[in-house]
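Visitor: Structure, please.
(chains A and B)
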Amino acid sequence: MILPKFDYKKARTIEEALELYNKYNGNALYLAGGTDLVPLIKLRLFQPQVVIDLKGIDGLKDIKKVNNSIVVGPNITLFELKQSSFIKDYLPCFFESLEATSCETLQMRGTIGGNILQNTRCLQYNKSLEWRTARGFCLKMGGQVCNVVPNSKSCFSNYCGDNAPSLMTLDAKAKLVSPGGERTVRLEKLFSKDGRAPFNIKPGEILKEIVIPLKKTMGAYEKLTVRGSIDYPLVGVAVTVKDKAARIAVTGIGPSPHIYELKEINEKSINDMADQAYEDARPISNAVLTPLYRKKMVPVLIKRAFKRISTGGGK
Amino acid sequence: MKTIKVKLNVNNEQVTLQVKPYETLLETLRERLSLTGAKESCSLGSCGACTVLVNGTPMRSCLILTPEVDGAYITTVEGLKNGEKLHPLQQAFMEKGAVQCGFCTSGMILTAKALLDRDKKPEKKDIVKTISSNICRCTGYKKIIEAVEEVSKKAE
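Guide: As a prediction, this is how the structure comes out:
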């Protein structure tokens, strides 16, 4: 598959990247690992005038401890993060979600920033231009209605990131830079809950840091897939237990992960929460497994994750 | 659209090329340098048939823009043999019958090479995990895993 024509620019600093973005009047896309972006451009879902490569920006590749937090640069690859013994020991939920992401080779190219900010997916959306033209454009492509739920004016595309949900359970924050300055937001605030434009990001804004509180936690990540490798989650459940309380994120259904909190952890509270998550899950026929099966797997994966945590975390 | 000057070290040979800004590394290797070992299959980064080593790391060349890897060392399957002598992995793939249609083979060998370069004696589960980056629709993986195990057994 041939890429459409676009220009390529490599930025050395964040300021340079922002300048380039302005110079092309916003008709630009930022490139990190490219494992999500390049296929989208190949399928003509995006046709930028320029691609701005952020990999030349040194400051985005650091991982460091600052006060009571660990600060992760968005250009660090998933594979590099997995090698950190600190992440394995202190943030097991994050470690497991890194391990569960796609496959080793793509982990070596894909970055944590790009993984968090990946576009939402749908069986009717991630298709070639010819296929989509024949079917008729859906809401997410600028059409009038959803092609999966007839007459619906909402987009039900699924957010299929593995690592954003686990970072959300760890109370992670994102630091973003734009020409207007810097802002820090909780990761869940980055999600707009609208599949057409899944992130609350201003035009040209760049993810600069991911800040994770530095505290030993217990956790697990459970993922429903068809294949054992190179697969997006059809349902993903991240659970982190900290200070006898738990945070749970359910991903893979709808444009934003769902977050739940448990103030105390016992069989009843877990079962109640799992029932609630089952009620909240509204999958539709836009992934490779049936909606009912995916819905039924939500409480199963939640309970499985808690069971693994209670027995020491091993699979 | 202006072309971009790129210097690459491909299989220990220095090359300087003028490439299109939207050209993938796979296109450069196959169409400009006639290195057709890396295959185009899914073209979307799923299958791994286009895997090459970029500075020793296995990567999907269909997802990489050539200007991104300016200055990098690229190894394709053509660069593995030493004179007329095949690389041990190539030899083992032949001897163990790990090749059927052969379309995934170059990617499989390079992915396995990167694993053996960082871990001479990987456990079987590590081989399985690494090889699962590449899709093979013929052999069922068993023979491929056996071939990689064979090479790791012989390693000092």
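
Visitor: Which residue ranges of chain B form helices?
Guide: With helices called from DSSP state H, chain B shows them at B:25-27, B:88-95, B:105-118, B:124-131, B:142-154.

Visitor: Same list (those helices) but as CSV, adding distance to chain A, mean pLDDT and mean neighbour count.
Guide: C-beta: built from backbone N, CA, C; applies to glycine. Listed next are these as CSV, based on distance: least, C-beta to the nearest C-beta, whole Å; pLDDT from 0 to 100; neighbours: other C-beta atoms under 10 Å in any protein chain shown:
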stretch, distance to chain A, mean pLDDT, mean neighbour count
helix B:25-27, 8, 98, 24
helix B:88-95, 16, 97, 19
helix B:105-118, 6, 97, 23
helix B:124-131, 5, 96, 17
helix B:142-154, 14, 96, 19
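
Visitor: Show the pLDDT at residue A:314.
Guide: Looking at residue A:314, its pLDDT is 58.

Visitor: now the helices of chain B as JSON lines including distance to residue A:232?
Guide: What follows is the helices of chain B, written out as JSON lines (distance: least, C-beta to C-beta, whole Å):
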{"stretch": "helix B:25-27", "distance to residue A:232": "23"}
{"stretch": "helix B:88-95", "distance to residue A:232": "30"}
{"stretch": "helix B:105-118", "distance to residue A:232": "21"}
{"stretch": "helix B:124-131", "distance to residue A:232": "18"}
{"stretch": "helix B:142-154", "distance to residue A:232": "25"}
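
Visitor: What residues does residue 128 make contact with?
Guide: You didn't pick a chain, so chain A it is. A:1, A:43, A:44 (C-beta atoms under 8 Å, 6 or more residues apart in numbering or on different chains).

Visitor: should've been chain B
Guide: B:141, B:145.

Visitor: distance of it from residue B:134?
Guide: According to C-beta to C-beta, to the nearest Å, residue B:128 and residue B:134 sit 12 Å apart.

Visitor: quick one: average confidence on stretch A:258-274?
Guide: 97.

Visitor: related to what we said a few turns ago, pLDDT-wise, what's the bottom of the contacts of residue A:128?
Guide: residue A:1 (89).

Visitor: ok, now how distant is that one from residue A:129?
Guide: Between residue A:1 and residue A:129 the distance is 10 Å, computed by C-beta to C-beta.

Visitor: what residues do these two have in common as contacts?
Guide: The contact lists of residue A:1 and residue A:129 share residue A:43, where a contact means C-beta under 8 Å, 6+ apart.

Visitor: And stretch A:36-52, what's buried?
Guide: Buried residues in stretch A:36-52, counting neighbours by 16 or more other C-beta atoms under 10 Å in any protein chain shown, are found at A:36-45, A:48, A:50-52.

Visitor: same for chain B: which of those are within range?
Guide: For chain B, the contacts drawn from the buried residues of stretch A:36-52 by C-beta under 8 Å from any C-beta of the partner chain are A:38, A:39, A:42, A:43, A:51.

Visitor: and the two most separated of these?
Guide: Farthest apart among these by C-beta to C-beta are A:43 and A:51. That separation is 15.1 Å.

Visitor: ok, residue B:94 - contacts?
Guide: residue B:86.

Visitor: Same question for residue A:208.
Guide: Contacts for residue A:208 (C-beta under 8 Å, 6+ apart) come out as A:14, A:59, A:60, A:74, A:175, A:176, A:177, A:182.

Visitor: Show the low-confidence segments of chain A, by residue range.
Guide: Along chain A, segments meeting pLDDT under 70 span A:313-315.

Visitor: can you list the residues of it near chain B?
Guide: A:1-8, A:10, A:31, A:34-35, A:38-39, A:42-43, A:51, A:53, A:55, A:103-106, A:108-109, A:228-230.

Visitor: out of the residues you listed, which are inside helices?
Guide: A:38, A:39, A:42, A:104, A:105, A:106, A:108, A:109.

Visitor: helices and strands around the lengthiest helix in chain A, which ones?
Guide: Longest helix in chain A, counting residues (DSSP H): helix A:291-310. Applying 3 or more C-beta pairs under 8 Å, 6 or more residues apart in numbering or on different chains; DSSP states H and E, we find helix A:291-310 packed against strand A:218-224, strand A:235-242, strand A:245-251, helix A:267-280.

Visitor: What's the local residue count around residue 82?
Guide: I went with chain A, as the question did not name one. The local packing of residue A:82 (other C-beta atoms under 10 Å in any protein chain shown) involves 17 other residues.

Visitor: oops, I was thinking of chain B
Guide: By other C-beta under 10 Å, the burial measure for residue B:82, its neighbour count, is 8.

Visitor: So what pairs up with it in the strands?
Guide: Here residue B:82 sits in beta bridges with residue B:85, going by DSSP bridges.

Visitor: Next up, the contacts around the residue in the stretch 201-315 of chain A positioned nearest to chain B.
Guide: Closest residue of the stretch 201-315 of chain A to chain B, C-beta to the nearest C-beta: residue A:229 (3.7 Å). Neighbouring residues of residue A:229 by C-beta under 8 Å, 6+ apart: A:102, A:103, B:129, B:132, B:133.

Visitor: returning to that earlier point: so which of the ones next to chain B among the buried residues of stretch A:36-52 comes closest to residue B:83?
Guide: residue A:38 (36.2 Å).

Visitor: Chain neighbours aside, what residue packs nearest to the closest one?
Guide: Leaving aside its sequence neighbours, residue A:38 sits nearest to residue B:63 (C-beta to C-beta, 6 or more residues apart in numbering or on different chains; 4.5 Å).

Visitor: Tell me who's in contact with that neighbour.
Guide: Contacts of residue B:63 by C-beta under 8 Å, 6+ apart are A:34, A:35, A:38, A:39, A:109, B:24, B:45.

Visitor: Reformat the ones in helices among the residues of chain A next to chain B as TSV; add distance to residue A:196.
Guide: Compiled in TSV, those are given as follows (distance: C-beta to C-beta, whole Å):
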residue	distance to residue A:196
A:38	21
A:39	19
A:42	21
A:104	33
A:105	31
A:106	26
A:108	32
A:109	27
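
Visitor: And the furthest pair within those?
Guide: Among those, A:42 and A:104 lie farthest apart (C-beta to C-beta), at 22.5 Å.

Visitor: could you say which helix or strand contains residue A:97?
Guide: In the assignment (DSSP states H and E), residue A:97 maps to helix A:92-100.

Visitor: Return the distance of that helix from the chain's centre.
Guide: Its chain's C-alpha centre and that of helix A:92-100 lie 13 Å apart, by C-alpha atoms, centre = their mean, to the nearest Å.

Visitor: Okay, angle between it and strand A:245-251 too, please.
Guide: 20 degrees (axes from the mean of the first three to the mean of the last three C-alpha atoms, to 10 degrees).

Visitor: Using PDB, write out every CA atom in helix A:92-100.
Guide: The C-alpha trace of helix A:92-100 is given here as PDB (Å, rounded to 0.1, in the frame of the first residue of the first chain):
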ATOM      1  CA  PRO A  92       2.700  -4.300  38.100                       C
ATOM      2  CA  CYS A  93      -0.600  -3.300  36.300                       C
ATOM      3  CA  PHE A  94       1.400  -1.000  34.000                       C
ATOM      4  CA  PHE A  95       4.000  -3.700  33.400                       C
ATOM      5  CA  GLU A  96       1.400  -6.200  32.500                       C
ATOM      6  CA  SER A  97      -0.400  -3.800  30.100                       C
ATOM      7  CA  LEU A  98       3.000  -3.100  28.400                       C
ATOM      8  CA  GLU A  99       3.600  -6.800  28.100                       C
ATOM      9  CA  ALA A 100       0.100  -7.300  26.700                       C
END
